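[1] Give me coordinates for this.
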Amino acid sequence: MSFNVRKAVKRDMSRVLELIKELAIFEKEPHEVEVTLKDLENDGFGEQTLFQCFVVEVENVIEGMALVYTRYSTWKGNILHLEDLIVSEKMRGKGIGSLLLDEVVKYGDELGVKRISWEVLDWNEPAITFYEEKGADVKRDWDVVHLNESAIKAYLSNI
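    The predicted structure is shown next:
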């Protein structure tokens, strides 16, 4: 079985979207995926790119992806955020996650970032174990906070 790790290209986004939907099902939130193929193509490959994406092909089929973007930390400065690292269910445990994380870390180092950060669900013990084995510090005392689109509208209507 041969693996090919590379930066994603625009034509990969349909498969990337399939993997995003697969992750949403795994995380028990399939209805939450609102991003479209057009969004991914425009946001990743348009005039102003919002993210970088890496993929792993196995026998010419994309079986894993990692999507990252830079952000700014008031404590650290420039950091890289790993939005999602996804490996298709049938290919988990074959080293694809490690290949993707390796690419993300190399990319972060090339950018000179001070930190690479991401979230992991507290019940996803295999992922937590994987990240800790790679040297990541899983911050179990932090909670993720979101304002979704309707909450933003409600918030603004109250100020």
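[2] Okay, strands next: where are they in the protein?
    Ranges of strands within the chain are 3-7, 52-58, 61-73, 77-87, 116-117, based on DSSP state E.
[3] Nearest to Asn158, out of the ones you listed?
    Proximity to Asn158 (C-beta to C-beta) singles out strand 61-73 among the strands of the chain, at 27.1 Å. Quick note: C-beta positions are derived from backbone N, CA and C, even for glycine.
[4] helices and strands around that closest one, which ones?
    helix 13-26, strand 52-58, strand 77-87, helix 96-111 (3 or more C-beta pairs under 8 Å, 6 or more residues apart in numbering; DSSP states H and E).
[5] Would you tell me which of these gets closest to Asp143?
    strand 77-87 (16.9 Å).
[6] Next, the angle from that closest one to strand 61-73.
    160 degrees (axes from the mean of the first three to the mean of the last three C-alpha atoms, to 10 degrees).
[7] Could you list the paired strands of strand 77-87 along with their orientation?
    Strand 77-87 pairs in its sheet with strand 61-73 (antiparallel), strand 116-117 (parallel), by DSSP bridges.
[8] would you list those in JSON lines and tack on mean pLDDT and mean neighbour count?
    Putting these into JSON lines (pLDDT from 0 to 100; neighbours: other C-beta atoms under 10 Å) gives the following:
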{"stretch": "strand 61-73", "mean pLDDT": "98", "mean neighbour count": "18"}
{"stretch": "strand 116-117", "mean pLDDT": "96", "mean neighbour count": "17"}
